[in-house]
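*Asks:* Any chance you can model this:
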Amino acid sequence: MRGVSRASLDEVTRRLDALLPSANAATLGHELFEVVALLEQEHSLRRWLADQANAAESKSGLIGHLLESKVSPATVLVVSDIVQARWSNARDLVDAAERTAVYATAAAAEGDQRLGELEDDLFRFGRIVAAEPELRAALTAEGVAVEHKRTLVENLLSGKVDAATLCLVTEAVTRPRGRTLEQGLDHFGQLVAERAKRYVAVVRTAVPLSEAQQTRLEAVLTRVYGRAIHLNIEIAPEVVGGLSIRVGDEVIDGTVAGRIAEVRRRLAG
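*Replies:* Numbers count the residues shown, from 1 in each chain. The predicted model follows:
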């Protein structure tokens, strides 16, 4: 988001942070995801709420009427804050609602100091899905009922991960919002890292890194980027040697495979 939407998101997030200590974070996150689904489904409602020509009070009043008997007061307050803010377009409004849903869901884990584990759980599940074509096909098949996919996720993960992980994985599977499953899991992981005020570095290496190597790499990347770094390690024999590191959109490729590919590109040019 940029411009007016960025400023509105910052204000909405600030108000959410003030509300979270007195709210049931897990319930708030679940209900906000339901609001996201409603806004995705109701195109006219979404456009009307994002239209800056409509009065903020009218938007808040409509949301109160639609949600008051269906969700907690905390959810009504958060959604009212969102719709009263100014957004560059309807998509930014829905993205803001989704972001608050992820933040609220993560807040339950944050209270238990589990944000790092939550990031790891999302990353690991994404890699499991990528390595299991049949599982991925079952989770992403078109025309399959949402409840069937939700049950499948619960059967896979119930008792193995906490409620926050289960919620975010279920959302990525059942309501992808135009993303692939891997993109959805990665997006949620990035938002969790954002809540922890750190960056995620996806490290691809041919062999596992020792704890000492991981600690040194974290320290180096923290100095480079000026913020704490959470490492997600992916073992990829095809890189041959060295490391490929992705932080956001930036890739540092020090692998043998990367150097060979660069030589080939130069020769071809």
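
*Asks:* lowest average confidence, helix or strand, in the chain?
*Replies:* helix 256-268 (a mean of 69; mean pLDDT, DSSP states H and E).

*Asks:* looking at it, residue 161 is touching residue 121, isn't it?
*Replies:* Yes: counting by CB atoms under 8 Å, residue 161 touches residue 121, with 5.2 Å between them. C-betas here are computed from N, CA, C, even on glycine.

*Asks:* More neighbours: the two, which one.
*Replies:* For residue 161 and residue 121, the more surrounded residue by other CB atoms under 10 Å is residue 121, and the numbers stand at 24 against 19.

*Asks:* before we move on, which element is the more buried one in?
*Replies:* According to DSSP states H and E, residue 121 maps onto helix 115-131.

*Asks:* before we move on, the earlier item: okay, and the common contacts of residue 161 and residue 121?
*Replies:* residue 169 (CB atoms under 8 Å, 6 or more residues apart in numbering).

*Asks:* so how far is the helix or strand harbouring residue 192 off the chain centroid?
*Replies:* For residue 192, the host element (DSSP H and E) is helix 181-195. Centre-to-centre, helix 181-195 and its host chain are 3 Å apart (CA atoms, centre = their mean, to the nearest Å).

*Asks:* List the neighbouring strands of the very next helix or strand once past it plus their orientation.
*Replies:* Downstream of helix 181-195, the first helix or strand assigned by DSSP H and E is strand 198-205. Strand 198-205 pairs in its sheet with strand 228-235 (parallel), strand 243-247 (antiparallel), by DSSP bridges.

*Asks:* Only the buried residues of the longest one, if you could.
*Replies:* Looking back up the chat, that one is strand 228-235. Neighbour-count burial for strand 228-235, counted by 16 or more other CB atoms under 10 Å, picks out 229, 230, 231, 232, 233, 234.
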